[in-house]
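Visitor: Next input, structure requested:
(chains A and B)
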Amino acid sequence: MKISSWNVNSVRARLDNIKNYIEISEPDILFLQEIKTEEKNFPFDFFKDLKFECHVNGQKAYNGVSILSKKKLINIETNIVKDNLNQARYISSDIKFGKNLIKLVNVYVPNGNPINTLKYDYKLNWLSNFTKLIEKIKKNYEFLIIGGDFNIIPEDIDVHDPNRYKNDALFLPEVREYYKKFIQMGLIDIFREKHPNTIEYSFWDYFANSFKRNNGMRIDHFFITEAIRKKVKSISINKKPRSKIKPSDHTPIELIIT
DNA sequence: ATGGCCGAGATCCTCGGA
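Guide: Numbers count the residues shown, from 1 in each chain, chains lettered A, B, ... in the order given. This next block holds a predicted model:
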């Protein structure tokens, strides 16, 4: 089973690219972030034609997450992270996998820039509440997969110019502390574990030929539990979609479990 | 040290992104 996670930077502006990706890469489950639409305007029929059922936590213009699946999903939950702004950043579901039940969590963590503003406070607060929720979920689910845009650069190796980002909301120590908390909790950054020394990125901004110059960062992640780790066949970042016409600024990360 | 570039949504500009 292939599970992909992709911040698409508007689902409606990205239909051709998403369809092309689905046809070539053939994910069974696709986590989308930044769909930038309300559920009532989500292209359900477009994805139904591609054999996906869609579950959507949307809002107008900003944020928004959805799970697309070729397999039946149960127990869909949205916005269960305590969030004083009530933004659409969380959707989860359960799926039967053999004799196990896997919890799938799709997340879009706030960006938090610029620092020294309410946006940064919101990010820290949101991460704190999200971490508490994951601690609770982890007690009930041995098989847990958390994927999404975490807006956290884990280490120097994960960004093209660490010095330039040392005061950035994606790289400040108190933000990276939440990455470490996930690890301490027993969750595994499966990309980094399988590729301990590889420099690979999941995001390149639209400015200044960033993609061509490979000025990117690794901020999209899959965290998994030990029980899932034993089932992992591969984990990779697929750079292709970022090279297309009218791309998202992020590219998909792909997890295969057997 | 600064500004690049996109998308959405309501006006020909702002906000948000990272």
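
Visitor: Need the CA coordinates for the longest helix anywhere in chain A. PDB is fine.
Guide: Of all the elements of type helix in chain A, the one with the most residues (DSSP state H) is helix A:118-140. C-alpha atoms of helix A:118-140 as PDB (Å, rounded to 0.1, in the frame of the first residue of the first chain):
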ATOM      1  CA  LEU A 118       0.900  36.300  17.000                       C
ATOM      2  CA  LYS A 119       1.400  33.900  14.100                       C
ATOM      3  CA  TYR A 120       4.500  32.500  15.700                       C
ATOM      4  CA  ASP A 121       2.700  32.100  19.100                       C
ATOM      5  CA  TYR A 122      -0.100  30.400  17.300                       C
ATOM      6  CA  LYS A 123       2.300  27.900  15.700                       C
ATOM      7  CA  LEU A 124       3.900  27.000  19.100                       C
ATOM      8  CA  ASN A 125       0.500  26.700  20.700                       C
ATOM      9  CA  TRP A 126      -0.800  24.600  17.900                       C
ATOM     10  CA  LEU A 127       2.200  22.300  18.000                       C
ATOM     11  CA  SER A 128       1.800  21.900  21.700                       C
ATOM     12  CA  ASN A 129      -1.900  21.000  21.400                       C
ATOM     13  CA  PHE A 130      -1.200  18.600  18.500                       C
ATOM     14  CA  THR A 131       1.600  16.900  20.400                       C
ATOM     15  CA  LYS A 132      -0.800  16.300  23.300                       C
ATOM     16  CA  LEU A 133      -3.400  14.800  21.000                       C
ATOM     17  CA  ILE A 134      -0.800  12.500  19.300                       C
ATOM     18  CA  GLU A 135       0.300  11.300  22.800                       C
ATOM     19  CA  LYS A 136      -3.300  10.400  23.500                       C
ATOM     20  CA  ILE A 137      -3.800   8.600  20.100                       C
ATOM     21  CA  LYS A 138      -0.500   6.700  20.400                       C
ATOM     22  CA  LYS A 139      -1.800   5.100  23.600                       C
ATOM     23  CA  ASN A 140      -4.700   3.600  21.600                       C
END
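
Visitor: How about it, which residues are buried there?
Guide: A:120, A:122-127, A:129-131, A:133-134, A:137-138 (16 or more other Cβ atoms under 10 Å). For the C-beta atoms, the positions are set from N, CA and C on the backbone; glycine is no exception.

Visitor: Can you lay out these as a markdown table showing distance to DNA strand B and pLDDT?
Guide: As requested, the buried residues of helix A:118-140 are arranged in a markdown table below (distance: Cβ to the nearest atom of the strand, whole Å; pLDDT from 0 to 100):
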| residue | distance to DNA strand B | pLDDT |
| --- | --- | --- |
| A:Y120 | 10 | 94 |
| A:Y122 | 9 | 95 |
| A:K123 | 9 | 96 |
| A:L124 | 14 | 96 |
| A:N125 | 14 | 96 |
| A:W126 | 11 | 97 |
| A:L127 | 13 | 97 |
| A:N129 | 16 | 97 |
| A:F130 | 15 | 97 |
| A:T131 | 18 | 98 |
| A:L133 | 20 | 98 |
| A:I134 | 20 | 98 |
| A:I137 | 23 | 98 |
| A:K138 | 25 | 98 |
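
Visitor: how about the strands in chain A?
Guide: Listed from the start of the chain, chain A has strands (DSSP state E) covering A:2-7, A:29-33, A:53-57, A:65-69, A:74-78, A:90-97, A:100-108, A:144-149, A:188-189, A:203-204, A:216-217, A:220-224, A:232-237, A:253-257.

Visitor: Out of the ones you listed, which one sits most buried?
Guide: strand A:29-33 (a mean of 28; mean count of other Cβ atoms under 10 Å).

Visitor: So which residues on the stretch 101-250 of chain A come close to DNA strand B?
Guide: By the rule Cβ under 7 Å from any atom of the strand, the part of the stretch 101-250 of chain A lying against DNA strand B is A:110-111, A:113-114, A:119, A:149, A:151, A:170, A:203, A:205-208, A:217, A:219, A:246, A:249-250.

Visitor: Of these, grab the buried ones for ChimeraX.
Guide: In ChimeraX syntax, the buried subset of those is picked out as below (16+ other Cβ under 10 Å):
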select /A:110,111,149,151,170,203,217,219,249,250
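
Visitor: Fine by me, we can end here.
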